[in-house]
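*Asks:* below are the sequence and a predicted model; questions follow.
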Amino acid sequence: MPRKTTKRPWHEQARHLTPEAFYLQIRTWTDANLNAAQADAHHLPQEHRQYLQAEHAHRHRNDHRDPWATVTTLYSPQAWTTHLKTWTLTRLQQGQAHLARLPDEYARALKAQYQYRRDHPWIKDHA
């Protein structure tokens, strides 16, 4: 009868990889897996740990930036309205979740463009 082998923790498996192979592996991880791995990083050899920390820092390097906060510095209200006409319907729909982060005039333009595109389904997204 075959005995069941328990799965080794990820950090034990990682110890058997070269630092470069480990780095290539963590580049394929989801953000959630990468964040969870931070808690067990102390089990890794120093070089592996440095790669893990560098990848984590690289993925979160722009966390302090809020693209919705830059809208008013990049676009006048008229330019924003024109810019929204280049957005796909999906992007306009996703933008609805961020209306509260925009000034009223910009939020109204986004909402209006989304509603216009929904009311005119024959308008196709630009390829």
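*Replies:* Yes, it's here. Residues are numbered from 1 along each chain as shown.

*Asks:* which residues sit in contact with Trp87?
*Replies:* Applying CB atoms under 8 Å, 6 or more residues apart in numbering to Trp87 gives the contacts 95, 113. Where C-beta positions appear, they are placed from N, C-alpha and C, glycine not excepted.

*Asks:* give me the pLDDT for it.
*Replies:* In this model, Trp87 is scored at 93, pLDDT.

*Asks:* against Gln53, how distant is it?
*Replies:* 37 Å (CB to CB, to the nearest Å).

*Asks:* touching, Leu102 and Trp68? I think so.
*Replies:* Yes - at 6.1 Å, Leu102 and Trp68 qualify as touching, with contact defined as CB atoms under 8 Å.

*Asks:* who touches the longest helix seen in the chain?
*Replies:* For the chain, the helix with the greatest residue count under DSSP state H is helix 104-119. Helix 104-119 has contacts (CB under 8 Å, 6+ apart) with 71-72, 75, 77, 80-81, 84-85, 87, 89, 92-93, 95-96, 99-100, 102, 123.

*Asks:* same question for stretch 54-64.
*Replies:* In contact with stretch 54-64 (CB under 8 Å, 6+ apart) are residues 23, 26-27, 31, 34-35, 38.

*Asks:* go through that stretch and flag the buried ones.
*Replies:* 55-56 (16 or more other CB atoms under 10 Å).

*Asks:* just stretch 69-85 next, same as before
*Replies:* Under 16+ other CB under 10 Å, the buried positions of stretch 69-85 are 71, 75, 80-81, 84.

*Asks:* and that stretch, how far out from the chain's middle?
*Replies:* 22 Å (CA atoms, centre = their mean, to the nearest Å).

*Asks:* what does stretch 66-77 give?
*Replies:* Counting by CA atoms, centre = their mean, stretch 66-77 comes out at 19 Å from the chain centroid.

*Asks:* again with stretch 60-70
*Replies:* Counting by CA atoms, centre = their mean, stretch 60-70 comes out at 11 Å from the chain centroid.
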